[in-house]
Structure formats: structure tokens, C-alpha cells
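Enquirer: sharing a model that was predicted from the sequence below.
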Amino acid sequence: MTNKKYEKLVKKHTPKENKLKYAITAFLVGGSIGTLGELLIRIYIMIFNTSRHQASTYMIITFIFFASLFTALGFFDKLVVKAKAGLLIPITGFAHSMTSAALDYKNEGPIYGIGSNVFKMAGSVIFYGIISAWFFGLVRYLWEVLVCY
Amino acid sequence: MYFINSFLFCGLVCLIAELILDNTKLTPGHITSLFVCIGAALDTLGIYDYIIVKVGGGALLPITSFGHSLIHGALLGAEANGVIGLLIGMFDLTASGITAAVIFTFVFTLIFKAKD
């Protein structure tokens, strides 16, 4: 059997993913999380009587707390399989990747298990975030210094 | 208006990510890294600040806002300390999120065990 024929056969037998359904789910879940975030900010401003900036920090920490807790309790993985990008792109995905990595490698010990694997997924986000922020920050800073003065 | 904008913006970012995830071979790791870079790039031109003013809380939740916070802290540092301030101020605004994630992860890992 040639490679092309084999590829065709594989394509024929892989189950077709319902892309439209996944896209709508991601949109709805992501949107609900965004709305919930805005709602939480309003609530924190009312309860603690703080600035909007501080309230948004509380809001993000709340989301991280619940994503971490639900991952540890074991049912966040099932939600992620269903909602996919809807839960992975908001900050919940960041906390989920850290907690699930830590739990998966727990039995390899505290140093080489938990400590060195916690940032397995989140590490790439932080790494490339810093590089791009440094690069673009330098560009913006030099632009302001050289052009605006 | 903030609530509708939050729903639409956060949903739209997730929708774009889902479309990339389903139609290309990129993994969630690729997409989150890519989105952080996009967030940083948008903030260079001042676009992301404008989005946050218009959208509110919904714009702070997607991972793009992580890149925005990084570069925002770096620029605030640069204003105070010159070029070296880019390095000093990098984590000023994101420190709370990362620290919280590390602490919660540590506590929950001590308490719970991996399921199945």
C-alpha cells in the first residue's frame, strides 16, 4: 500500500470532529468567564470599596484559586475536554496547567517532581511573554526617547 | 455595556484560539505563547489599553492580558529608571497572578492526589 493510499484510509476512518460545535462552545464559555470577571470586579468594588485596579487583581486571583482548586479536585480536566480553548485561553488555563503538572509529577518527589515540572506549560508562556515584552518595550521606549524628544 | 463587551471580547479571543486549535497542528502551548506575544505587541501601539478601557474585566482575563501587563510594568519601570527599568519593572503588575498561582498550586498539591 502506498503512503498516499494509507493517508486516505486514515483520513476516512478518523472520526470527524464537530468543529462548529467546539467553536460555539469555546465562544460561549469564554464569554461567560469574561462576563463573570466583570461582575466580580463590580462586586469587589462594592464590598471592599477599593479602586478598580485593585479589584481586578482580586478578580484574577479568585479565578486562579478556583481553577487550581477544581483541577486538584479532578473535575476541571473534564470541563477542559469539553470547552477546550474557552477555559485554556483565560487565566484559568494558566493555573490549570501548573496545578495539573504538579499533581502529575507529585510522586517523583518535591524537587525533581513538583518543583521542576510546575512550569512545564506555564513556563513557555512566561518565557516568550518576557522576551516579547522586553523586545516591544525596548522598541516603544526608544521610539519615545528618540522621536518624542 | 461593560458586561456585553466583556462577553464578546473574551468569547472572541477564545473563539479565535479554538479555530486555530481545530484547523492547524498547533497545540494549546503554542497558542497561549503566541497570544501572549500578540498581547505585548498590541500594547506597544497602545491598542490594548484602549480595549481595556472599552471592555473592562473581560479584557483582563484572556492570556493576551498577561503580555500586556508584562510590557506595561516594563514601560512604567523604564519611565522611572531608564533602559534598565525595563528589567526592573517587568514583573511589577503580573507578580500577583504568578505568585498566587504558585502558592495555590503548592497548597493544593500537598493536600490532593492526582486522580486516575
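Expert: Structure's in. What do you need?
Enquirer: in chain A, where's the longest helix?
Expert: helix A:19-48 (DSSP state H).
Enquirer: so what secondary structure elements neighbour the helix or strand bottoming out on mean pLDDT in chain A?
Expert: Least confident helix or strand, chain A: helix A:3-13 with a mean of 75, by mean pLDDT, DSSP states H and E. Here helix A:3-13 touches no other helix or strand, going by 3 or more CB pairs under 8 Å, 6 or more residues apart in numbering or on different chains; DSSP states H and E. Quick note: C-beta positions are derived from backbone N, CA and C, even for glycine.
Enquirer: and it, C-alpha only, in PDB?
Expert: The C-alpha coordinates for helix A:3-13 follow below in PDB (Å, rounded to 0.1, in the frame of the first residue of the first chain):
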ATOM      1  CA  ASN A   3       1.700   6.200   1.500                       C
ATOM      2  CA  LYS A   4      -0.900   8.300  -0.200                       C
ATOM      3  CA  LYS A   5      -3.400   5.400  -0.100                       C
ATOM      4  CA  TYR A   6      -2.600   4.900   3.500                       C
ATOM      5  CA  GLU A   7      -3.200   8.600   4.300                       C
ATOM      6  CA  LYS A   8      -6.600   8.500   2.600                       C
ATOM      7  CA  LEU A   9      -7.500   5.400   4.600                       C
ATOM      8  CA  VAL A  10      -6.500   7.100   7.800                       C
ATOM      9  CA  LYS A  11      -8.500  10.200   6.900                       C
ATOM     10  CA  LYS A  12     -11.500   8.100   6.100                       C
ATOM     11  CA  HIS A  13     -11.500   6.300   9.400                       C
END
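Enquirer: so what's A:Ile130 up against?
Expert: By CB atoms under 8 Å, 6 or more residues apart in numbering or on different chains, A:Ile130 lies in contact with B:Leu70, B:Met90.
Enquirer: if we go to 6 Å?
Expert: By CB atoms under 6 Å, 6 or more residues apart in numbering or on different chains, no residues touch A:Ile130.
Enquirer: name the element it belongs to?
Expert: According to DSSP states H and E, A:Ile130 maps onto helix A:122-148.
Enquirer: the longest helix of chain A close to chain B?
Expert: Yes - using CB under 6 Å from any CB of the partner chain, helix A:19-48 reaches chain B at A:19, A:22-23, A:26-27, A:30-31, A:33-35, A:37-38, A:41.
Enquirer: tell me which residue is most central in the chain.
Expert: Just going to use chain A. A:Gly93 (2.7 Å; CA atoms, centre = their mean).
Enquirer: let's do chain B instead
Expert: Chain B, centroid-nearest residue using CA atoms, centre = their mean: B:Phe66 at 2.1 Å.
Enquirer: say whether chain A is contacted by the helix or strand hosting that residue.
Expert: If you go by DSSP H and E, B:Phe66 is part of helix B:64-81. Yes - counting by CB under 6 Å from any CB, chain A is contacted by helix B:64-81 at B:Phe66, B:Gly67, B:Leu70, B:Ile71, B:Ala74, B:Leu75, B:Ala78.
Enquirer: coming back round to it: the residues of helix A:19-48 next to chain B, buried ones only, as a ChimeraX selection?
Expert: To isolate the buried members of these in ChimeraX, using 16 or more other CB atoms under 10 Å in any protein chain shown:
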select /A:22,23,26,27,30,31,33,34,35,37,38,41
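Enquirer: as a markdown table, the residues of helix A:19-48 next to chain B with distance to B:Leu15 and pLDDT would be great.
Expert: A markdown table is the format used below for the residues of helix A:19-48 next to chain B (distance: CB to CB, whole Å; pLDDT from 0 to 100):
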| residue | distance to B:Leu15 | pLDDT |
| --- | --- | --- |
| A:Lys19 | 11 | 83 |
| A:Tyr22 | 10 | 90 |
| A:Ala23 | 6 | 91 |
| A:Ala26 | 6 | 92 |
| A:Phe27 | 4 | 93 |
| A:Gly30 | 7 | 93 |
| A:Gly31 | 9 | 93 |
| A:Ile33 | 13 | 94 |
| A:Gly34 | 12 | 93 |
| A:Thr35 | 15 | 94 |
| A:Gly37 | 17 | 93 |
| A:Glu38 | 18 | 93 |
| A:Ile41 | 23 | 94 |
